[in-house]
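Asks: Next come a sequence and a model predicted from it.
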Amino acid sequence: MTLSIKTIRNIFISFLRGSEEAHACGRRQILYIYNEIKLRKMSVSFEEMIEMYQDFLSGLTHLRQDVLKGYYRDVTSSMKEEFENTIFMKKLNENLIAYNEEYIAKKNFELFETLDNIYMEIKPYNSMIEKCFRKDILEKKSWPILIEGNYDDLIPYAEHTPLNCFEKFSDIIRTRITTKYMDGSLIILNKLKELTIDCGLKFQEPDYKTQFDGYYAIHLNLIYNFEIPELKRSSIQKDCKIEFQINTSVQNLLVELTHEYYKISRKKLEEPNIKWQWMSDCNEFIPYYLGHLTHYLEGMMVNIREKITL
């Protein structure tokens, strides 16, 4: 049995808006679609998978896609505005000049390329949906293979949705701080940790990213308590993570140049039989190794600079 995307969408519409008979039919079809996705039996693109998955989320939450998207937009905009107006962010932007002058006094070099204020960014809705899909469909091994049964049985297994992503993911609200040199990233990390404590906030242990694709950065998650409005219910206080990404100017440039390769690799539904490290003619080979090589060169530059200034 092969269903077109249009047919699948109609099934979900009948499930969301139809009669009891349509709901019963919708549940059976949703279970079928879910099994096809899980068993990789449908020959569809990643984009079509995401389209089906969004319908799946609509059926799971009993909310239309436009409602879910609007809810995400409103909540994230409120979170961004609230955190940007915290004492922490005000002090951080005020301290940037002092951090730079302190580095110049010690190293005789600038810490930052520019001294622009730091603002938070919101993870795009589509990117959040793709992350839910990866976490709950592609990466998860514990989903049941349902042939018959109640659709509601699936709810406990869907851990990531547009309704709870704010507390589940660390990068819904995020920002990036860029330094000129590798050692500057470590200095900014310590400054962020000190400021977090001074402002009465908490942070998780930093994640020193050294990824296979040549991405090098330090991620520090701050914990901040937000009042999250819930659909059809009053607001609730939730501890959410705010992600600070710290990297160098060169690494930041590489991220911008190679991000498209990274996005394409994450959309692969199955891992290739041969790793990219063994295929010099594949799209990933040069940009990924360029990231590793650049990190090594940046370390050498700091090492040489320190020896010259002794």
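Replies: Happy to help now that I have it.
Asks: can you pull out the strands in the protein?
Replies: 121-122, 173-179, 202-203, 207-210, 216-228, 236-248 (DSSP state E).
Asks: would JSON lines of the ones you listed with mean neighbour count, mean pLDDT and distance to E139 be doable?
Replies: Backbone N, C-alpha and C define where each C-beta goes, glycine included. JSON lines is the format used below for the strands of the chain (neighbours: other C-beta atoms under 10 Å; pLDDT from 0 to 100; distance: least, C-beta to C-beta, whole Å):
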{"stretch": "strand 121-122", "mean neighbour count": "16", "mean pLDDT": "98", "distance to E139": "24"}
{"stretch": "strand 173-179", "mean neighbour count": "21", "mean pLDDT": "97", "distance to E139": "21"}
{"stretch": "strand 202-203", "mean neighbour count": "15", "mean pLDDT": "97", "distance to E139": "26"}
{"stretch": "strand 207-210", "mean neighbour count": "13", "mean pLDDT": "95", "distance to E139": "18"}
{"stretch": "strand 216-228", "mean neighbour count": "18", "mean pLDDT": "96", "distance to E139": "19"}
{"stretch": "strand 236-248", "mean neighbour count": "19", "mean pLDDT": "95", "distance to E139": "19"}
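Asks: now those strands in TSV, with distance to R305?
Replies: Listed next are the strands of the chain as TSV, based on distance: least, C-beta to C-beta, whole Å:
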stretch	distance to R305
strand 121-122	31
strand 173-179	14
strand 202-203	29
strand 207-210	21
strand 216-228	18
strand 236-248	13
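Asks: between these, which gets nearest to E159?
Replies: With respect to E159, and counting by C-beta to C-beta, the nearest of the strands of the chain is strand 236-248 at 15.3 Å.
Asks: so what does that closest one touch, helix or strand wise?
Replies: helix 165-168, strand 173-179, helix 182-198, strand 216-228 (3 or more C-beta pairs under 8 Å, 6 or more residues apart in numbering; DSSP states H and E).
Asks: quick one: that strand to strand 173-179, angle?
Replies: Here strand 236-248 runs at an angle of 20 degrees relative to strand 173-179 (axes from the mean of the first three to the mean of the last three C-alpha atoms, to 10 degrees).
Asks: which residues does P124 contact?
Replies: Counting by C-beta atoms under 8 Å, 6 or more residues apart in numbering, P124 touches no other residue.
Asks: Any stretches of the stretch 201-310 of the chain with poor pLDDT?
Replies: 259-272, 309-310 (pLDDT under 70).
Asks: switch the cut-off to 80
Replies: Scanning the stretch 201-310 of the chain for pLDDT under 80 picks out 231-234, 257-274, 276, 282-284, 308-310.
Asks: got a list of what D66 touches?
Replies: Counting by C-beta under 8 Å, 6+ apart, D66 has no contacts.
Asks: Count the neighbours of E48 for me.
Replies: 14 (other C-beta atoms under 10 Å).
Asks: From F133, how far out is it?
Replies: 12 Å (C-beta to C-beta, to the nearest Å).
Asks: One more: I242?
Replies: 23 Å.
Asks: Run a quick check on E84 versus Y119, I expect a contact.
Replies: Yes - in this structure E84 lies within contact range of Y119 using C-beta atoms under 8 Å: 6.4 Å.
Asks: These two: who's more crowded?
Replies: The neighbour comparison of E84 against Y119 (other C-beta under 10 Å) goes to E84, with 17 against 10.
Asks: How about the more buried one, nearest residue that isn't a chain neighbour?
Replies: M120 (5.5 Å; C-beta to C-beta, 6 or more residues apart in numbering).
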